[in-house]
Every structure is written in structure tokens, then in C-alpha cells.
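# Output the structure for:
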Amino acid sequence: MHPYCAVCATLHMQTIGEEVDHVQAKEKLLDPYDHAYLRTLCKTHHSQKTILTEGAHRKGRKRFQVIGPDGWPIPYGDI
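Below you'll find the model as predicted:
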């Protein structure tokens with residue numbers, strides 16, 4: 001895995017990754033710890049992806065939209 005956040009890299013930023021993300025849901029994988037299905041994300045992008053995949057924030061159950069550094073929303077498929 002790379003030391004930088006995979007989402008930040010698509011935004012042309014270099015942010016040290018702090019968390020490991022499963023690209024697909026662990027329940028759907030034969031080996032959830034196969035490196036082919038893992039990527040590095042910064043804490044912010046990993047939290048945003050978790051919120052998006054669950055459909056709402058865990059605590060407040062509010063809908064959440066990820067905004068990129070340019071101020072435009074980031075489509076879920078790009079995260």
C-alpha cells in the first residue's frame with residue numbers, strides 16, 4: 001500500500017495516509033485482508049467514505065456530502 005491518501009492523490013495533494021480502507025465491503029470478500037482490496041486513506045477521507053456508504057452519520061443520522069478542496073461536491077464513485 002502507498003503511504004499517501006488515495007483520494008487526496010486524485011485531487012493532486014500529498015497527504016500522509018493514517019487509516020486502511022477496504023475498497024469493497026469486508027463481508028463480500030473471500031480474504032478481507034488481501035492487499036488488492038485495501039488502500040490507504042487520510043482520516044478525513046476514510047470518515048467521509050464510511051459516512052457515505054452508511055448513508056448517514058452514525059451519531060446525528062444526518063445526510064453528508066463530501067466537498068473537495070475546490071468547493072465542488074465529490075461524487076461517491078470518486079472516493
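
# tell me the helices in the chain, going along the chain?
Remark: helices assigned in the chain by DSSP state H are 6-10, 43-54.

# so what secondary structure elements neighbour the shortest one?
Spelled out, it's helix 6-10. If you count contacts as 3 or more Cβ pairs under 8 Å, 6 or more residues apart in numbering; DSSP states H and E, helix 6-10 packs onto strand 38-41, helix 43-54. C-betas here are computed from N, CA, C, even on glycine.

# With the longest one instead?
The helices and strands touching helix 43-54, judged by 3+ Cβ pairs under 8 Å, 6+ apart, are helix 6-10, strand 19-22.

# what number of residues lie near the residue lying closest to residue 25 once chain neighbours are set aside?
Computed as Cβ to Cβ, 6 or more residues apart in numbering, the closest residue to residue 25 that is not its neighbour in sequence is residue 53, at 7.8 Å. Residue 53 sits with 10 neighbouring residues when counted by other Cβ atoms under 10 Å.

# same deal with residue 10?
The burial count for residue 10: 13, using other Cβ under 10 Å.

# Under the pLDDT cut-off, which ranges of the protein? List them.
For the chain, applying pLDDT under 70 flags the ranges 1, 55-66, 75-79.

# in it, what residue sits furthest out from the centroid?
residue 30 (20.9 Å; Cα atoms, centre = their mean).

# one step back: distance to residue 21 for the helices of the chain - can I get that in TSV?
Shown next, in TSV, are those (distance: least, Cβ to Cβ, whole Å):
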stretch	distance to residue 21
helix 6-10	8
helix 43-54	5
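
# most tightly surrounded among those helices?
Highest mean neighbour count among those (mean count of other Cβ atoms under 10 Å): helix 6-10, with a mean of 18.

# Quick one: residues in contact with that helix.
Residues from elsewhere that reach helix 6-10 (Cβ atoms under 8 Å, 6 or more residues apart in numbering): 2, 14-15, 17, 21, 39-42, 45, 49, 78-79.
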